[in-house]
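# Turn this into a model:
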Amino acid sequence: MLFIRDILILTIVFIYNFQISISQNQEICDINLPTLFRVTAVPPEKRSILPPGFTTTEEIIRRNGFGYKKYQGITEDGYILTYHRIITKTPGGQPVLFVPGLSLASDCWLLTGRKTDLAFQLADAGYDVWLGDRRGNWYSRAHVQYKPTSKEFWDFSFHESAIYDLPVFIDGIIHRTKYSKVIFFGHSMSGTEFFVLMSVRPEYNDKIKIGIQFAPVAIAVPIKELKSPIWATVFSISDIIYRTLNYEGKYELAPRDAKLVETFRKCCAPSNFQEACFTFFGLSFGDNRQNYNKTLMGEKMSHWPSGAALKTVYHMTQLFKTGEFRYFDYGMAENLRRYNRTTPPLYPLERVTAPVAIYFGGNDAFLNQRAIDKLVSRLPNVVEVHKIEDPMYNHMDFIWGINTSNLVNKRIIKLLIRFKE
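Numbering: from 1, shown residues only. All right, here's what the predicted structure looks like:
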């Protein structure tokens, strides 16, 4: 109990100071904490109206000089997903698929520029680049039967988005190209989804050229080893949070809406308040503020979050509470009905036979060397494991860090030469 008390105190102190910083900068940040940390669903008619200047995946791709094409596919359980293709002047290259992490969208891969974002670099190098948006995020909020305001729409965790959503992207890409295999890029929870799909539907291993995972969360760090007092607190009381929000009918967390977009754009742009924004970001993901372009930080943060299911977040917290990579835990009675056992089964990682490369940072709020080692020990075909040289490299640096092009992307491009058809 001492540990939980300490992290609660740290979190409360931070939020108090965060609120003071906001109140002292009202001309820049006219917000309040309930807006920032909201869990209520935004009405669809308001969600579609974002502030002038907000850039979508299509707009970012076109702004960087590429062509663009949008595709949609329907999952086996009825979700209508959007995925995107960067069109170049030299089509026909090896297809690569980028899938974002938890509460992020496809646009997160495209926010540092054509010369530094890996997706753009690969497009310039002749690869056929695709970006997928899982169920529930801002680009994929439709279902053949349910509306996003319904409980039924949000009744999924990363298990369902793994076994149903990723196949839509992978099969759709293979269908539209001459290639039989896709290079997969995952970050954080999309790495989780990759390992779920490959272990539960192992036939998809034959459709993957290589799965490259940035900071994948599978065998998670125990709560007491988490570097973030915010997430340590949340994960410790996640059972209470989940039951409470479910009871109140709040099934979506941190949706993307106009107020939130404008909040982050203003508060994280160059201003007297920006340091508080970096502090919040550092406590959440690992502090490495010198690795971010201060001019672009407001634009980047305005694209986060992008919506997530309460059940998905709760499933993630279960990984940290148990330190094991298991199916969703419904409780003893429901587990017995669903799994024919009182505890959820482990995901059979030994079935992940596709080549896998794993990259992680030493200052990641969610991972450490021990967690990575445990994951690697259960995977049968790991071709590379690399800890980024920057000792302050954190969970989000893979998509937003200014040194990522030199420390990560160059290494990836060399690795891909070995797997290029």
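# pLDDT below threshold where in the stretch 201-350 of the chain?
293, 298 (pLDDT under 70).
# need the helices for it, in chain order.
With helices called from DSSP state H, counting those that start in this stretch, the stretch 201-350 of the chain shows them at 229-236, 238-247, 258-267, 274-285, 297-301, 310-322, 332-339.
# Figure out which of those helices is closest to residue 127.
helix 297-301 (23.6 Å; C-beta to C-beta). Quick note: C-beta positions are derived from backbone N, CA and C, even for glycine.
# The closest one - contacts with which helices or strands?
Secondary structure elements in contact with helix 297-301, counted by 3 or more C-beta pairs under 8 Å, 6 or more residues apart in numbering; DSSP states H and E, are helix 258-267, helix 274-285.
# quick one: that helix to chain centroid distance?
16 Å (C-alpha atoms, centre = their mean, to the nearest Å).
# got a list of contacts for that helix?
Outside of helix 297-301, the residues within contact range by C-beta atoms under 8 Å, 6 or more residues apart in numbering are 55, 111-112, 264-270, 274, 277-278, 281, 292, 400.
# Please apply the same query to stretch 57-64.
Against stretch 57-64 from outside (C-beta under 8 Å, 6+ apart): 55, 67-68, 70, 84, 86, 105-107, 110-111, 113-114, 120, 131, 133, 139.
# Kindly recompute the last result at 7 Å.
55, 68, 70, 84, 86, 106, 107, 110, 114, 120, 131, 139 (C-beta atoms under 7 Å, 6 or more residues apart in numbering).
# neighbour-wise, which of those residues leads?
Ranked by the number of neighbours (other C-beta atoms under 10 Å), the contacts of stretch 57-64 place residue 106 first, at 29 neighbours.
# Phi and psi next, for the residue lying closest to that residue once chain neighbours are set aside.
Nearest in space to residue 106, with sequence neighbours left out and distances taken as C-beta to C-beta, 6 or more residues apart in numbering, is residue 131 at 3.8 Å. As for residue 131, its main-chain torsions (degrees, to the nearest 10) stand at phi -130, psi 130.
# measure residue 131 to residue 203 for me?
Counting by C-beta to C-beta, to the nearest Å, the separation of residue 131 from residue 203 is 24 Å.
# what does residue 258 give?
Distance from residue 258 to residue 203, by C-beta to C-beta: 42 Å.
# With residue 348 instead?
Distance from residue 348 to residue 203, by C-beta to C-beta: 14 Å.
# before we move on, what about residue 370?
Applying C-beta to C-beta, the value for residue 370 to residue 203 is 32 Å.
# Compare these two and say which is more crowded by neighbours.
residue 370 (13 against 9).
# and the helix or strand harbouring the more buried one, which residues are buried?
In this assignment (DSSP states H and E), residue 370 forms part of helix 369-378. Buried residues in helix 369-378, counting neighbours by 16 or more other C-beta atoms under 10 Å, are found at 371, 372, 374, 375, 378.
# Distance to residue 420 and pLDDT added to the residues you listed, as JSON lines?
JSON lines is the format used below for the buried residues of helix 369-378 (distance: C-beta to C-beta, whole Å; pLDDT from 0 to 100):
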{"residue": "371", "distance to residue 420": "31", "pLDDT": "95"}
{"residue": "372", "distance to residue 420": "26", "pLDDT": "97"}
{"residue": "374", "distance to residue 420": "31", "pLDDT": "97"}
{"residue": "375", "distance to residue 420": "26", "pLDDT": "98"}
{"residue": "378", "distance to residue 420": "28", "pLDDT": "98"}
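# For the residue nearest to residue 106, list each beta-bridge partner.
residue 84, residue 98 (DSSP bridges).
# Do I have it right that it meets residue 109?
Yes. Using C-beta atoms under 7 Å, residue 131 is in contact with residue 109, at 6.1 Å.
# shared neighbours of the two, anything?
Shared contacts of residue 131 and residue 109, counting by C-beta under 7 Å, 6+ apart, come down to 98, 119.
# what are the bridge partners for residue 212, then?
Assigned bridge partners for residue 212, using DSSP bridges, are residue 185, residue 357.
# residues contacting it?
184, 185, 357, 412.
# likewise residue 139?
Applying C-beta under 7 Å, 6+ apart, the residues near residue 139 are 57, 82, 105, 106, 133.
# could you redo these as TSV and give each row secondary structure?
Shown next, in TSV, are the contacts of residue 139 (DSSP: H, G, I helix; E, B strand; the rest coil):
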residue	secondary structure
57	helix
82	strand
105	coil
106	helix
133	strand
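# Pick the one among these closest to residue 220.
residue 105 (23.2 Å).
# what's the residue lying closest to residue 101 once chain neighbours are set aside sitting at in phi/psi?
Nearest residue to residue 101, sequence neighbours excluded (C-beta to C-beta, 6+ apart): residue 188, at 3.3 Å. The phi/psi pair for residue 188 (degrees, to the nearest 10) reads phi 60, psi -110.
# To residue 365, which of the helices of the stretch 201-350 of the chain lies closest?
Short answer: helix 274-285, nearest of these by C-beta to C-beta, at 5.0 Å.
# Low-confidence ranges, the stretch 1-150 of the chain, go.
Judged by pLDDT under 70, the stretches of the stretch 1-150 of the chain that qualify are 1-53.
# which residues of it fall in strands?
Here the stretch 1-150 of the chain has its strands, by DSSP state E, counting those that start in this stretch, at 67-74, 79-87, 95-99, 128-133, 142-143.
# between those strands, which gets nearest to residue 336?
strand 79-87 (28.1 Å).
# elements contacting that closest one?
Using 3 or more C-beta pairs under 7 Å, 6 or more residues apart in numbering; DSSP states H and E, the elements in contact with strand 79-87 are helix 57-63, strand 67-74, strand 128-133, strand 142-143, helix 166-176.
# CA atoms of that strand as CSV?
Taking Å, rounded to 0.1, in the frame of the first residue of the first chain, the C-alpha atoms of strand 79-87 are listed here in CSV:
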residue,chain,number,x,y,z
TYR,A,79,-16.5,-2.8,-38.5
ILE,A,80,-15.8,-0.6,-41.5
LEU,A,81,-12.1,0.3,-41.5
THR,A,82,-10.2,2.9,-43.4
TYR,A,83,-6.7,2.4,-44.7
HIS,A,84,-4.5,4.7,-46.7
ARG,A,85,-1.9,4.4,-49.5
ILE,A,86,0.9,6.7,-50.4
ILE,A,87,1.0,7.0,-54.2
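# buried stuff in that strand?
Those would be 79, 81, 82, 83, 84, 85, 86, for strand 79-87 by 16+ other C-beta under 10 Å.
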